[in-house]
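>>> Need the 3D shape of this:
(2 chains)
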There are 2 protein chains.
Amino acid sequence: MPSNTLYVTKRGSFSFVLGLVASALFRRFEALRLDKKTPPSALFIPNRKSGDGKPTKVRRLRASDASKGFYELLSQLTEVGKGDFGRRFREITNGCERVYVIESEDGSRIVASGTLVLERKFTRNCGTCGHIEDVVVDEGERGRDLGRVIVEALTRAAEACGCYKVILDCNESNVGFYERCGFKRKEVQMAKYFI
Amino acid sequence: MPSNTLYVTKRGSFSFVLGLVASALFRRFEALRLDKKTPPSALFIPNRKSGDGKPTKVRRLRASDASKGFYELLSQLTEVGKGDFGRRFREITNGCERVYVIESEDGSRIVASGTLVLERKFTRNCGTCGHIEDVVVDEGERGRDLGRVIVEALTRAAEACGCYKVILDCNESNVGFYERCGFKRKEVQMAKYFI
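As a prediction, the model looks like this:
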């Protein structure tokens, strides 16, 4: 009965796809259920030094930013190396890290960047702590309030994600800058390097 | 033809389940591919003050630890509150946080705990930075080297996960302890509280 066999095969394929779709929907539902407070995809932060008085747009990193000088910007912060951007981008998209950037006015380059890491705790009513990491402004764009703007954006994103606090580590020489951003000196950072 | 209908239904159900299994296998493969270096489920750390010379076992948190005084232990560190342990446990199991604990000798209670948060960066060859958080030893068990043991376990777990460094923040009064654990003073922690 060839017609019947075909019917069975079609039914089987349909059910297989239905299984895949059901699994994907379940995962999506689970992700939404567990992490209701999603981070904003873009924030508009008042800039004290913008000529036209417009707020500065800070948006989440996109895969296409690899070709907009994102690595060159990070190399002004620390050693960068030849890591696989595409793979890291996928890991970070699904992870606890939120990378935000500011574009140049013509949209051709990334001129500032900073990362918010969300740490879920059992303390503080199972609260979330935000860690600000890797804040950097392009050296040709400094003095335009972008450092304060990106820190303000990361702080607001942390609050939008339900964090009870946001913390960061900085050099002694940057303490004044972060105090002007509303932060207070708290503890001592200790480090151990493996490489 | 009831027998044929049954056959088709069975085939359909089988394919549906096959779809679910294929999706789960794909996700597992993807997780392994993206994060090849999985954290150890247990570490055995030499204890300088153990009577029998045996190393101390440090293992990852289990869902059943909620009934072993895990919250009571954390309350010796900071405010705990009434968060949903089961939900947080599932989030942390799938997240960037690795909680490790030490059991009492009779296995009835959790007597020490600490968390390792894995932060994936674009810098340092797309390296990973380990953050040690919420280290606590039960007040009745202090002076038994468990503080150093749990920090050593978290440090080794970070190295096993491929971290290039591990960092933590502590009070000025604990700097000496962490220096004895092989850490060096680096920067200043700044904080902003929302609640």
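
>>> tally of neighbours for whatever residue of chain A ends up closest to chain B?
Of all residues in chain A, the one sitting closest to chain B is residue A:19 (2.0 Å; CB to the nearest CB). Any C-beta I mention is one placed from the backbone N, CA and C, and that applies to glycine too. Neighbour count of residue A:19, defined by other CB atoms under 10 Å in any protein chain shown: 21.

>>> State the helix or strand in which the most centrally placed residue in chain A lies.
Residue closest to the mean C-alpha point of chain A, counted by CA atoms, centre = their mean, is residue A:98 at 1.5 Å. Using DSSP states H and E, residue A:98 sits in strand A:97-103.

>>> Work out the gap between the helix or strand following that strand and the centre of the chain.
The helix or strand immediately downstream of strand A:97-103 is strand A:110-120, counting by DSSP H and E. Computed by CA atoms, centre = their mean, to the nearest Å, the chain-centroid distance of strand A:110-120 equals 5 Å.

>>> moving C-terminal of strand A:110-120, what's the next helix or strand?
Next along from strand A:110-120, by DSSP H and E: helix A:123-126.

>>> sorry, back to before: I figured the residue nearest to the centre of chain A hits residue A:157, correct?
Yes. With contact defined as CB atoms under 8 Å, residue A:98 reaches residue A:157; the gap is 6.3 Å.

>>> Quick check: neighbours shared by these two?
A:39, A:116 (CB atoms under 8 Å, 6 or more residues apart in numbering or on different chains).

>>> First-to-last residue distance for stretch A:61-77?
17 Å (CA to CA, to the nearest Å).

>>> how about that stretch: buried residues?
By 16 or more other CB atoms under 10 Å in any protein chain shown, the buried positions in stretch A:61-77 come out as A:61, A:65, A:66, A:68, A:69, A:70, A:71, A:73, A:74.

>>> now, which of those lie close to chain B?
Checking the buried residues of stretch A:61-77 against chain B by CB under 8 Å from any CB of the partner chain, the ones in range are A:70, A:71, A:74.

>>> State whether the second one is indeed within a strand.
When you say that, I think you mean residue A:71. No. Using DSSP: H, G, I helix; E, B strand; the rest coil, the assignment for residue A:71 is helix, not a strand.

>>> Just list the residues touching it, thanks.
A:80, A:85, B:122.

>>> Could you export those as CSV, including neighbour count and pLDDT?
Formatted as CSV, the contacts of residue A:71 follow (neighbours: other CB atoms under 10 Å in any protein chain shown; pLDDT from 0 to 100):
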residue, neighbour count, pLDDT
A:80, 20, 90
A:85, 16, 91
B:122, 26, 95
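
>>> which among those residues gets closest to residue A:108?
Using CB to CB, residue A:85 comes nearest to residue A:108 of the contacts of residue A:71, at 18.0 Å.

>>> wait, isn't the closest one in contact with residue B:126?
Yes. Shown here, residue A:85 and residue B:126 form a contact pair, counting by CB under 8 Å, at 7.4 Å.

>>> Low-confidence regions, chain A specifically.
A:1-9, A:31-37 (pLDDT under 70).

>>> How is it divided into domains?
Listed domain ranges for chain A are A:1-34, A:42-180 (source: automatic domain parsing).

>>> gap between the two ends of the last one?
Put plainly, it is domain A:42-180. 23 Å.

>>> how far out from the middle of the chain is it?
For domain A:42-180, the distance to the chain centre is 7 Å (CA atoms, centre = their mean).
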